[in-house]
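A.B. asks: curious how this folds, go ahead:
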Amino acid sequence: MTILVTGATGTVGRHVVDELIRDGRRVRALTRDPRRANLPAEAEVVAGDLTVTDSLVPVLDGVTAVHLITFGGDDYAMLPNGQEIVDLAVKAGVRKVTVLGGWDEGTLEPAVRAAGDLDWTFVRPTEFMSNALQWAEPIRAEGVVREPFGDATTAMVHEADIAAVAARTLVEEGHADRVYGLTGPARLSTRDKVRIIGEAIGREIGFVELTEEQARERMAAEGQPDELIDFLINVFGNVPEEPNIVNSNVEKVTGRPARTFAQWAAEHADAFRA
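C.D. replies: Sure, this is the predicted structure:
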């Protein structure tokens, strides 16, 4: 069978492609610009855009399983055309779908759930470990991280673990109509994360806690829209409890424990070294 991976050049999508290829699967990888995809040669890289429904018609030809994401475009907005995407997939003969989503449903997940011909699995991770890469430049330049809410804790999950779960659910039976919330193995504060990165690179990293007002001013100066600033302040100022309750879903699906943030930091140490 051919498996279509949407968001194939994204943080998780690249790992989904790799997981499926390692498993010997035929992979069709969707990206808006195949020339810049830099994906494995074994993948069939095709052009298309989830936000442009008609662009998916040829892409779905011969596909029986799809990894979908709930957002699209440069602004990562929720897809407005979820129903149209699902209608096309069902018409093309797709029978199995994995959806990578967040805490809020958009148009895609309800449409997938309502489609009687699809075996679906929803994968809902908490904060990605890769979010820590936003600190790479200030750590390289100054050896300091400046953030608000230093004691706020999240159960960060490795992006490769998210992908491994998505890939397993696409090729194995027993995951239909399941919603897998995914976490790492421990809740860590912002201070913890900074310390662990320092241990990975063998350098003490300073941490300066910003006030909420200072954080808002900095994000505004960086050009972040007010909506996103409000969202980030709310999420990290009032960390949602349920998505950050540590669970064993990664191990249940993949057969191995979730990777630790220390492992992630060691893998990405070069990004933080001056």
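A.B. asks: what strand or helix carries the residue lying closest to Thr254 once chain neighbours are set aside?
C.D. replies: Nearest residue to Thr254, sequence neighbours excluded (C-beta to C-beta, 6 or more residues apart in numbering): Ala164, at 4.8 Å. (C-beta placed from N, C-alpha, C; glycine too.) In this assignment (DSSP states H and E), Ala164 forms part of helix 159-171.
A.B. asks: and for that helix, what's in contact with it?
C.D. replies: Contacts to helix 159-171, defined as C-beta atoms under 8 Å, 6 or more residues apart in numbering, come from residues 3, 11-16, 18-20, 23, 25, 65, 67, 96, 98, 100, 121, 123, 125, 128-130, 175, 178, 180, 182, 184, 249-250, 253-254, 258-259.
A.B. asks: can you get me a residue count around the residue nearest to Thr254?
C.D. replies: Ala164 has 24 neighbours, counted by other C-beta atoms under 10 Å.
A.B. asks: take the contacts of helix 159-171 and keep only those in strands.
C.D. replies: If you go by DSSP state E, the contacts of helix 159-171 have Ile3, Ala65, His67, Lys96, Thr98, Leu100, Thr121, Val123, Pro125, Arg178, Tyr180, Leu182 in strands.
A.B. asks: so where's the stretch 101-250 of the chain uncertain?
C.D. replies: For the stretch 101-250 of the chain, no stretch has pLDDT under 70.
A.B. asks: next, the contact list for the spatially closest residue to Val5 that is not a sequence neighbour, please.
C.D. replies: Spatial nearest neighbour of Val5, excluding adjacent residues (C-beta to C-beta, 6+ apart): His67 at 4.7 Å. Contacts were defined as C-beta under 8 Å, 6+ apart; by that measure His67 touches 3-7, 13, 16, 97-98, 100, 166-167, 170.
A.B. asks: scan those residues and report the most crowded one.
C.D. replies: Ranked by neighbour count (other C-beta under 10 Å), these have Val5 at the top, with 33 neighbours.
A.B. asks: so it bridges to which residues?
C.D. replies: Per DSSP bridges, the residues bridged to Val5 are Ala29, His67.
A.B. asks: correct me if wrong: it contacts Glu19.
C.D. replies: No. If you go by C-beta atoms under 8 Å, Val5 and Glu19 don't touch, sitting 9.6 Å apart.
A.B. asks: Ile201: neighbour count?
C.D. replies: By other C-beta under 10 Å, the residues close to Ile201 number 20.
A.B. asks: for it, give its distance to Phe207.
C.D. replies: Separation of Ile201 from Phe207 (C-beta to C-beta, to the nearest Å): 15 Å.
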